[in-house]
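**Student:** quick check, what structure comes out for this input:
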Amino acid sequence: MKKILCLIFALALLCAAAAFGDELPGLSIHFFENGKADAILLREGNSTVLIDTGFPEKAEALAQRLRELGVTSIDKLIISHYDRDHVGGAALLVRSFDVQEVIGPDYRQKSEALSQLKEELKSRDLKLSRLRQEKELQVGSMDITLYPAKKHTGMVPNNSSIICSVTYGKTSFLFTGDALETRMKDFNRKNNRQFTLIKLPHHGIFLRKSAEFKKLLSATQPQYGIATNSPAFAIDQDLALMLEIYCLKLYETKNGELTVTSNGETLTITQSEPRLPQSSPAAES
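**Tutor:** Below is the predicted model:
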């Protein structure tokens, strides 16, 4: 009997150890306050992914915030598209941190911010990896899929946005860049997944009357939505009411930096006090 009890105890210890070993260390996602712009840090221990880099004039402030969080290296820097409110701070961040890889969409665009990024990459013997086909990445315990845009005649840069999904345990996240109707339509045709949280496309602008956005919400059924916006581009009441119908709890970076934490099972979302002064729409175009 004593041997049986000892065996049961040993098995219990093994099961407990196995369960402990399966625990995830914890993921934090910071949606930085950067005006109507995207700058989103995903971090699990020493594994770091940055999606977009905000405006060039706010790059120093973003770099300082990353240092405050203890960031020294970036495994993957993903640029959703090359508009200045997404690629603006990239050159300075590549100069300031140990960036392992920079991934962007496969289209050509002339801009000062993109030219500076290419020069900075060249000086470090790095290249911009242009996404031409769906790509799966493993960064720490984050399972990441990058979806390139399908090319259409006369596409605007927003519709060239890379869409990025991240799965962490039982929680999942969808980052949509500045996807407009055409980009959402292409994604809706192939997507068959649900997500815990979605970053609203295009800062929440032009979504209230978007049939494809409604299809996206119906298919993905997110519990939480985040708009990377500013007081000058706040979510209007009609869109807020529509999101309530879809049972989506909305957060806006105009109200301060947002931190999402996941233990692989559940999410918590906290928001700091706003740091940035109000800007005019013209300053953020």
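
**Student:** how close does the closest residue to residue 152 other than its chain neighbours get to residue 161?
**Tutor:** Once flanking residues are discounted, residue 152 sits nearest to residue 182: 6.0 Å by Cβ to Cβ, 6 or more residues apart in numbering. Where C-beta positions appear, they are placed from N, C-alpha and C, glycine not excepted. Plainly put, residue 182 is 10 Å away from residue 161 if you go by Cβ to Cβ, to the nearest Å.

**Student:** these two: which is more packed in?
**Tutor:** residue 161 (30 against 18; other Cβ atoms under 10 Å).

**Student:** tell me the contacts of that one?
**Tutor:** By Cβ atoms under 8 Å, 6 or more residues apart in numbering, residue 161 lies in contact with 80-81, 105, 149, 176-179, 183, 201.

**Student:** recalculate using a threshold of 7 Å.
**Tutor:** The neighbourhood of residue 161, defined by Cβ atoms under 7 Å, 6 or more residues apart in numbering, consists of 80-81, 105, 149, 176-179, 183.

**Student:** taking these together, which two end up most distant?
**Tutor:** 105 and 176 (13.1 Å; Cβ to Cβ).

**Student:** the two: which is more packed in?
**Tutor:** residue 176 (24 against 21).

**Student:** pLDDT value on the more buried one, please?
**Tutor:** On pLDDT, residue 176 comes in at 98.

**Student:** cool, and the one 3 residues further on?
**Tutor:** Looking at residue 179, its pLDDT is 98.

**Student:** before we move on, back to that, after the helix or strand the residue nearest to residue 152 falls within, next one along is what?
**Tutor:** Per DSSP states H and E: residue 182 is located in helix 181-190. Going down the chain from helix 181-190, the next helix or strand is strand 197-199, by DSSP H and E.

**Student:** partners of that next one, with directions?
**Tutor:** Here strand 197-199 has these sheet partners by DSSP bridges: strand 171-175 (parallel), strand 224-227 (parallel).

**Student:** strands of the stretch 151-285 of the chain, start to end?
**Tutor:** With DSSP state E, counting those that start in this stretch as the criterion, the stretch 151-285 of the chain has strands at 163-168, 171-175, 197-199, 224-227, 249-252, 258-262, 267-271.

**Student:** neighbouring contacts of the third one?
**Tutor:** Contacts with strand 197-199, where a contact means Cβ under 7 Å, 6+ apart, come from 173-176, 220, 222-226, 228, 260, 267.

**Student:** with the second one instead?
**Tutor:** Residues from elsewhere that reach strand 171-175, judged by Cβ under 7 Å, 6+ apart: 29, 40, 51, 163-166, 195-199, 220, 262, 264, 267.

**Student:** check contacts around residue 85.
**Tutor:** Here residue 85 is in contact with 36-38, 54-55, 284 (Cβ under 7 Å, 6+ apart).

**Student:** oh sorry, the question was meant for residue 221
**Tutor:** Neighbours of residue 221 in contact, by Cβ under 7 Å, 6+ apart: residue 194.

**Student:** right, I'll call it a day here.
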